[in-house]
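[1] kindly generate the corresponding structure for this input.
(one chain, ligands or ions: 1)
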Amino acid sequence: MQRAHIIGTGSSIPERILSNKDLESIVNTSDEWIVRRTGIRERRISSNGRDESTTDLATRASVNAMKMAGISPSSLDMIVVGTVTPDRQFPSAACMIQKALNAENAAAFDLSAGCSGFLYALTMVNNAIRAGMCKTALVVGVERLSSIINWQDRGTCVLLADGAGAVVVDSTEEHHGILSTHLKSDGTFWELLYSLDGNSYVPEILQDVNKRPFHLKMDGNRLFKRAIGCMAEISREALEHNSLCSHDIDLVIPHQANIRIIKSLANNLRIPMERVYTNIHKYGNTSSATIPIALDEANRDGLLTKGAHVLLVSFGAGLTWGAAMLKWSISDGPGGRLEQAPPAPERQ
Ligand code: ACO
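    Purely as a prediction, here's the structure:
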């Protein structure tokens, strides 16, 4: 039976750093509050003049992933992008990335699942490879949340940011790679996090042009409580499905929404924080990009050895949540793909 495994990871983040101190001059907040309540110290915000659109960031992350995988764009059969902030409502970000990469043989589409977008996309590709529908695919999580942030809302503008991560997934006959994926949604709670930008929801002629209707609305407190329970439950499902226990997990890579959510999840699963990857202090919440960016950093920093069990787990707007259990297959030994890969993209 064909399985799917990750053979390359990549990421790309904007150059511009927005610190908590910077935010103090925009909204009534403080560095102390943001660090204590969220764990975020700074985040990256894209600039129009620096080729940092959703497509630009995603394309750079994809190129980095393909370099590590050692494949050419023409060998991609599929490109699936998890995003809620494509450059345009249509065509899809995936088609824009396909053009930028010259990946002429790929079928390309976007998928909207909030912060779980990357895990939903990974699941679609995993299933397509297992079904024999494709052999080599690119999975991207990318956001330019700065385009929908309400910069007067201190409850959200201190949390969200921009970035992109990508993985190349290939078919394999070996028993490693993506062992299982698990997805859940609950639309009853969609109002806990949504965008006012209806696009087709409100005909433009009826819109008050003086209102800026594109903002994001969030009930952070209620989301916070649900996030911990949902992520813990689906992590357990992934463990049980693979007859694994917490001790077997070498690294958890959770969605980076709030350090307190991550610590509560780790506590709930009885996994020490040393085995939980976090980079929220540097990048904030980049929605569907948090997991692939963290996966790329952990991979390039040598935290993922061949055979390691890696648990990816997400939660976001929808509500949506998901998990993936990986048995890492990129060789880090002499001549392994990681050794041949270029260093991590420069972070300032
Ligand atoms: N600076 C200072 N004070 C603030 C700020 C801020 N940036 N934001 C809120 N406050 C204030 C509030 O106004 C409130 O003041 P009050 O007591 O006088 O009314 C107080 O701080 C406490 O507010 P809470 O909302 O209860 O703060 P909480 O501890 O819950 O932290 C947070 C808020 C950080 C948003 C948290 O609830 C959270 O992280 N929620 C989860 C977010 C999440 O998981 N989102 C899903 C994924 S995101 C995605 O899909 C894009």
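
[2] in which helix or strand would I find Arg37?
    helix 31-38 (DSSP states H and E).

[3] alpha carbons of that helix, as CSV, please.
    Extracted in CSV, the C-alpha atoms of helix 31-38 (Å, rounded to 0.1, in the frame of the first residue of the first chain):
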residue,chain,number,x,y,z
ASP,A,31,4.6,44.5,26.5
GLU,A,32,4.1,43.0,30.0
TRP,A,33,0.4,42.1,29.3
ILE,A,34,1.1,40.6,25.9
VAL,A,35,4.0,38.4,27.1
ARG,A,36,2.2,37.3,30.3
ARG,A,37,-1.2,36.5,28.6
THR,A,38,0.0,35.2,25.2
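
[4] let the chain start at 564 from now.
    Yep, numbering from 564; the last one is helix 594-601 now.

[5] for it, buried residues please.
    Asp594, Ile597, Arg600, Thr601 (16 or more other C-beta atoms under 10 Å). For glycine as for every other residue, the C-beta is placed from the backbone atoms N, C-alpha and C.

[6] quick check: mean pLDDT of it?
    Averaging pLDDT along helix 594-601 gives 98.

[7] please apply the same query to stretch 711-719.
    For stretch 711-719, the per-residue pLDDT averages 89.

[8] quick revisit: please see if the helix holding Arg600 touches the ligand.
    Yes. Residues of helix 594-601 contacting the ligand under C-beta under 6 Å from any ligand atom: Trp596, Ile597, Arg600, Thr601.

[9] need the next SSE after that helix, C-terminal direction.
    Assigned by DSSP H and E, the successor of helix 594-601 is strand 605-607.

[10] for that following strand, packing partners?
    strand 580-582, strand 725-735, helix 843-846 (3 or more C-beta pairs under 8 Å, 6 or more residues apart in numbering; DSSP states H and E).

[11] deepest-packed of these, please.
    Stretch with highest mean neighbour count among the helices and strands packed on strand 605-607: strand 725-735 (a mean of 27; mean count of other C-beta atoms under 10 Å).

[12] partner strands of that strand and their direction?
    Neighbouring strands of strand 725-735 in its sheet, by DSSP bridges, are strand 566-575 (antiparallel), strand 699-707 (antiparallel).

[13] quick one: the ones you listed as CSV, columns for mean pLDDT, mean neighbour count and distance to Arg799 too.
    Formatted as CSV, these follow (pLDDT from 0 to 100; neighbours: other C-beta atoms under 10 Å; distance: least, C-beta to C-beta, whole Å):
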stretch, mean pLDDT, mean neighbour count, distance to Arg799
strand 566-575, 97, 26, 23
strand 699-707, 97, 31, 24
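
[14] just so I know, which of those strands lies nearest the ligand?
    Among the strands paired with strand 725-735, the nearest to the ligand by C-beta to the nearest ligand atom is strand 699-707 (7.8 Å).

[15] next SSE downstream of that closest one?
    Next along from strand 699-707, by DSSP H and E: helix 717-720.

[16] name the helices or strands packed onto that next one?
    Secondary elements touching helix 717-720 (3+ C-beta pairs under 8 Å, 6+ apart): strand 779-781.

[17] and the strand it packs on, what's buried?
    By 16+ other C-beta under 10 Å, the buried positions in strand 779-781 come out as Leu779, Met781.

[18] how about the residues of this protein near the ligand?
    The chain has residues 592, 596-597, 600-601, 677-678, 717-718, 721, 756, 783-784, 786-787, 790, 820-821, 824, 848, 850, 879-880 near the ligand, with proximity defined as C-beta under 6 Å from any ligand atom.

[19] redo that, cut-off 8 Å
    586, 590-593, 596-597, 600-601, 647, 677-678, 706, 708, 717-723, 755-756, 779, 781, 783-784, 786-787, 790, 818, 820-821, 823-824, 848, 850, 878-880 (C-beta under 8 Å from any ligand atom).

[20] any of those residues buried? List them.
    586, 592, 597, 600-601, 647, 677-678, 706, 708, 717, 719-723, 755-756, 779, 781, 783, 786-787, 790, 818, 820-821, 824, 848, 850, 878-880.

[21] just for the stretch 664-813 of the chain, where's the confidence low?
    760-777 (pLDDT under 70).

[22] sorry, back to before: dump the helices and strands packed on strand 605-607 to TSV, plus distance to Leu746.
    As requested, the helices and strands packed on strand 605-607 are exported to TSV (distance: least, C-beta to C-beta, whole Å):
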stretch	distance to Leu746
strand 580-582	32
strand 725-735	16
helix 843-846	23
